[in-house]
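A.B. asks: Test case, fold it:
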Amino acid sequence: MDLTVTALALDEIDALRDAVATADGVAPLGGRTHWEVGGEPPTGCSEVRAPSGVLAYDPAELTVTVGAGIGVGELDTVLAASGQECVLDPRDPARATVGGTIAAGLSGPRRLRYGPIRDRVLEVRFVTADGRLVKGGGPTVKNVSGFDLPRLLVGSLGTIGVITQVTLRCQPRPLRAVWAAVGTHDPAEIRRRCFRPSCVAWDGDDALVLLEGDPDDVDAEIAAGGLTPAARPPAWPDGPHRGRISVRPRRVVALGRDLDAIDGLGWVAEVGVGTVHVASVDADAVAAARRAAHAAGGWMLREAGGGGLDGFGRDLPGRPVMARVKAAFDPTGKLSPGRLGL
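C.D. replies: Below is the predicted model:
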């Protein structure tokens with residue numbers, strides 16, 4: 001496959017650089033699936049989109065280079081033809097873009113087995129506030145030197161650069177994937193029953209475990225763990241007010257008891273990871289969950305909804321460091337101004 005960017009993509013990138021350089025405020029757009037995370041940029045910002053398309057794919061090397069505007073579902077279809085995948089796993093792959101998923105730092109539910117989303121990113125190209133096109137990382141580890149810019153951009157929500165192109169690490173697609181049910185109040189027991197599960201989703205009463213791999217191995221694990229194949233994956237909490245809690249994995253059980261005491265709150269924890277998803281129709285319930293997260297030594301990022309939650313999800317634990325990084329890359333503050341409180 002041709003490893004060079006097409007002329008059309010270069011034209012798009014040149015137009016994007018000009019738009020960023022001349023704008024007073026810039027709001028990079030993806031699929032808007034997590035547009036409220038960290039607070040929306042103010043009105044009046046110039047909205048820009050990254051180019052799309054698969055620019056290079058080498059199944060033998062397990063790498064793919066794409067325009068950041070490509071849909072996650074579209075990329076998955078391309079990789080599936082070669083029996084491969086890239087573990088991004090956004091909630092809505094039909095709408096989410098690769099660049100938006102990376103910029104939002106959204107590690108999907110299979111993080112327990114495959115690690116965080118930053119481990120998928122090998123190389124990035126992004127446009128700085130003054131319109132420069134910068135490359136960081138490389139398609140192979142042995143060719144990489146200097147600062148780890150790819151990981152710096154993961155979760156930055158467009159505050160330090162507009163991602164235009166990424167090279168991602170792929171892997172063989174599992175031959176079988178099965179969600180299995182197990183009824184237990186002890187997440188540690190769930191982990192003991194399973195060998196390298198991809199996800200353990202626990203709501204305080206029951207759990208669903210995602211097992212992936214060779215069909216015979218999956219069947220053997222189901223039998224050994226006394227699991228029951230489930231008809232569908234877990235129902236992640238949903239509602240007009242949503243948040244994502246990060247807490248030490250060993251604190252999940254105690255935090256779950258506190259969350260159970262909050263009326264009208266739905267929650268599901270990713271056991272072994274320390275991510276707890278919460279949602280409610282009531283802003284006060286999510287605010288109470290935020291207080292419980294802080295009491296457990298964790299933190300909550302707002303995913304949707306506001307109400308009386310001013311600053312919710314923007315008072316970052318590492319804000320002083322992030323502010324210095326922001327000032328170095330975007331001294332005039334034009335990129336996603338105000339997002340993440342920066």
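
A.B. asks: next SSE after the helix or strand of the chain with the lowest mean pLDDT?
C.D. replies: Lowest on mean pLDDT, DSSP states H and E among the helices and strands of the chain sits helix 187-193, with a mean of 77. In the C-terminal direction, the helix or strand that comes right after helix 187-193 (DSSP states H and E) is strand 199-202.

A.B. asks: how far out from the middle of the chain is that next one?
C.D. replies: Taking the mean of its C-alpha atoms, strand 199-202 sits 17 Å from the chain's own mean (Cα atoms, centre = their mean, to the nearest Å).

A.B. asks: And stretch 31-41, by the same measure?
C.D. replies: Here the centre of stretch 31-41 is set off from its chain's centre by 13 Å, with Cα atoms, centre = their mean.

A.B. asks: Over that stretch, what's the mean pLDDT, rounded is fine.
C.D. replies: Confidence over stretch 31-41 (mean pLDDT, whole number) is 81.

A.B. asks: How many neighbouring residues does Arg291 have?
C.D. replies: Burial measure for Arg291: 12 neighbouring residues, criterion other Cβ atoms under 10 Å. Glycine gets a C-beta too; all of them are placed from N, C-alpha and C.

A.B. asks: Does it lie in a helix or a strand, and which?
C.D. replies: Residue-wise, Arg291 maps onto helix 283-295 under DSSP H and E.

A.B. asks: For that helix, buried residues please.
C.D. replies: Counting neighbours by 16 or more other Cβ atoms under 10 Å, one finds that the buried residues in helix 283-295 are 283-290, 292-293.

A.B. asks: ok, for Arg132, nearest residue in space, not its chain neighbours?
C.D. replies: Counting by Cβ to Cβ, 6 or more residues apart in numbering, Arg17 is the residue found nearest to Arg132 once chain neighbours are left out, at 7.5 Å.

A.B. asks: Am I right that that neighbour is in a helix?
C.D. replies: Yes - Arg17 sits within a helix when classified using DSSP: H, G, I helix; E, B strand; the rest coil.

A.B. asks: any weak-confidence spans in the stretch 151-300 of the chain?
C.D. replies: By pLDDT under 70, the low-scoring segments of the stretch 151-300 of the chain are 184-185.

A.B. asks: ok, which stretches of it are strands?
C.D. replies: Counting by DSSP state E, counting those that start in this stretch, the stretch 151-300 of the chain forms strands over residues 162-169, 171-172, 176-183, 199-202, 206-213, 228-229, 241-246, 266-270, 275-280, 299-304, given from the N-terminal end onward.
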